[in-house]
Each structure stands twice: as C-alpha cells, then as structure tokens.
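Participant: Provided below are the primary sequence and the corresponding predicted coordinates.
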Amino acid sequence: MNLEPVQRDDFSAGFFDAAAAGRLAARRCDQGHYLPATQGYMGPAIRCPHCRSAAIEWVDVSGEATLVSWTVVHLKDATRLAGLVELAEGPWMFAALDVESPTSLEVGGALRVRFVQPDGGEAMPVFSPA
C-alpha cells in the first residue's frame, strides 16, 4: 500500500510512538471516556467533552473495528480508500483502508488494523477486513 508520509508533532507523539511499536492508540480521560476522532486524533483536546476532565492520555486499544463509511479518493497518480471506522472500544477514527476492491466493503464489516511505514514518514494505521 502506497501512502503519503505523515510527520508527527508534539500532540501526536503518543499516537505515533504506539504505531511505531505496532500498537493502535486512542485518547482517553481519567474517567474512562474515549475522545471522538475530531478531538482525539486530529487536534488537541483540553478537556473531555463528556465529563470535562483535563486528565487525557494516549492508551492502547485492540485494533478491532467496524466499518461505518468509506470513500474512494482519486488522486493524480493513485486511487485510495479512506474510511470512518468505529473502534471496538467505541471511538470513531478516520483511516486508510486496504482491500482488493471497494465493492468488497460493507457497512458494519469487521476490520483489523495493521501498520505501514511510508518512506520518510511515521508508521500509519491501515484497516483491512478481519
């Protein structure tokens, strides 16, 4: 699978440290609430939107997921599948999908994470049918 390299920043270091070790991480507060993808993966959250706790950390999750939706992204030199997946622990995240054909995908389908390392970038999660 050919992905564009992504670089870490201070906020995403915990996510990419886990990915480099072959583990998927999500943000969770000290009260056990997982943060939504828009607050947990795509930018810093100062407080948990559920309970307002400020104690938020990266924690390992199982890597099991269910497909919520997907789209085919047509680029100049490639076609890629991007999906919205619901992790077994509850939060949703955006991720690359690796399947033979988009016609093999179905909403509610079971997925499992694996990691790819683009040249010059961080290890990235990619989901495939379980």
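Facilitator: Great, that's in hand.
Participant: What's opposite Leu97 in the beta bridge?
Facilitator: Counting by DSSP bridges, Leu97 forms beta bridges with Leu81, Phe127.
Participant: tally of neighbours for it?
Facilitator: 22 (other Cβ atoms under 10 Å). C-beta: built from backbone N, CA, C; applies to glycine.
Participant: Glu100 now?
Facilitator: Glu100: 9 neighbours (other Cβ under 10 Å).
Participant: can I assume it sits in a strand?
Facilitator: No. Under DSSP: H, G, I helix; E, B strand; the rest coil, Glu100 sits outside any strand and is assigned coil.
Participant: Go through stretch 46-56 and flag the buried ones.
Facilitator: 48, 56 (16 or more other Cβ atoms under 10 Å).
Participant: Next, the distance between the ends of it.
Facilitator: 8 Å (Cα to Cα, to the nearest Å).
Participant: Show residues contacting that stretch.
Facilitator: 27-31, 33, 35-36, 39, 45 (Cβ atoms under 8 Å, 6 or more residues apart in numbering).
Participant: Counting only strands, which of those residues make the cut?
Facilitator: Counting by DSSP state E, the contacts of stretch 46-56 place 27-29 in strands.
Participant: Closest one of the contacts of stretch 46-56 to Val85?
Facilitator: Pro36 (13.0 Å; Cβ to Cβ).
Participant: hmm, who's touching the longest strand along the chain?
Facilitator: Using DSSP E to define each element, the chain has its longest strand at strand 64-74. The set of residues external to strand 64-74 that reach it, using Cβ under 8 Å, 6+ apart, is 79-88, 92, 97, 102, 105-113, 127, 130.
Participant: do that again at 10 Å, thanks
Facilitator: For strand 64-74, contacts defined as Cβ atoms under 10 Å, 6 or more residues apart in numbering pick out 24, 79-89, 91-97, 99, 102, 105-113, 125, 127, 129-130.
Participant: Sweet, I'm off.
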